[in-house]
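Visitor: Okay, here's the prediction I keep looking at, along with the sequence it came from:
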Amino acid sequence: MFNLISPYEEPEFAAWRLRLRALPSSKVSVRDAEATRQDGRLMSWVQAECESTYIQSVEYNVSKIEQQFVLLARIGEQPVGFSLVFIGPEESDPLFIQLVAVVPAARRRGVALALLSRVAERAPERNIALATLDNNVGALALNDHFAKSIGASIRRVPVSMYRRSHLGFAQSESHRPWIIERSHGVHSSLSFDKDSHT
Ligand SMILES: CC(C)(COP(=O)(O)OP(=O)(O)OC[C@H]1O[C@@H](n2cnc3c(N)ncnc32)[C@H](O)[C@@H]1OP(=O)(O)O)[C@@H](O)C(=O)NCCC(=O)NCCS
């Protein structure tokens, strides 16, 4: 079990939130997260600022950086978002995008697209799987936009296609999965594995 110290108790969190009100016009930059308390903390700040994400402990976030593929985005010096990806163990597995979170103050500036583009570069031969709630208009539009930006197609797949844990949501959540198929990627039907269903 990890200890959750609320970001709201941290003076640095309050200062970061104030700086979000005056974001510079600089371009978005993206880097790999490091398995440090500081990067785990930045993730928890973004989680606190985004309406639909759970705030996780610093230790939990650091464990995700260690085990998965996490990118952090900045505008100028200001951290504004991150992506969390699970890279399936089989070569035929897609990249599972489990979360993309961008603080409201930095939205519609291409931050999510910059993160997803870097994710796509990480394994150009793989397709990309993700799950969204049907009412998450922003995420649905982003996924369409992203698929087009890399010249790929996007389509729904059955909920049973992938493990929920790979897609990053719980049994109780009603996210529905999608596959972004790259023309040179492994066709998703090849990665369909009935035995792996939960
Ligand atoms: C969804 C989310 C990640 C988008 O982040 P963002 O940095 O604002 O997205 P971008 O600026 O890169 O958007 C790229 C394109 O996606 C589409 N898009 C993104 N958000 C949109 C919205 N709210 N409404 C309509 N289209 C949207 C647009 O086509 C946009 O291009 P445009 O601005 O030139 O029209 C952000 O709103 C967020 O963090 N939401 C809360 C967490 C969440 O729901 N994450 C997704 C599920 S994991």
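Guide: Looks like it came in fine.

Visitor: which residues are there in the protein that come within reach of the ligand?
Guide: Taking CB under 6 Å from any ligand atom, the part of the chain that reaches the ligand is made up of 50, 52-53, 99-102, 107-113, 132, 136-139, 141-142, 145. Bear in mind the C-beta positions are built from the backbone N, C-alpha and C, glycine included.

Visitor: Buried ones from those residues, can you make that a PyMOL selection?
Guide: Burial among the residues of the chain next to the ligand is assessed by 16 or more other CB atoms under 10 Å; the matching PyMOL selection reads:
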select buried, resi 50+53+99+100+101+102+109+110+111+112+113+132+139+142
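
Visitor: what residue ranges in the chain are flagged as low confidence?
Guide: Within the chain, the stretches with pLDDT under 70 are 1-4, 184-198.

Visitor: Show me where the protein has its helices.
Guide: For the chain, helices defined by DSSP state H occupy the ranges 11-20, 37-49, 58-67, 111-122, 137-149, 164-167.

Visitor: could I get those as JSON lines with distance to residue 176?
Guide: Shown next, in JSON lines, are the helices of the chain (distance: least, CB to CB, whole Å):
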{"stretch": "helix 11-20", "distance to residue 176": "31"}
{"stretch": "helix 37-49", "distance to residue 176": "22"}
{"stretch": "helix 58-67", "distance to residue 176": "23"}
{"stretch": "helix 111-122", "distance to residue 176": "18"}
{"stretch": "helix 137-149", "distance to residue 176": "10"}
{"stretch": "helix 164-167", "distance to residue 176": "10"}
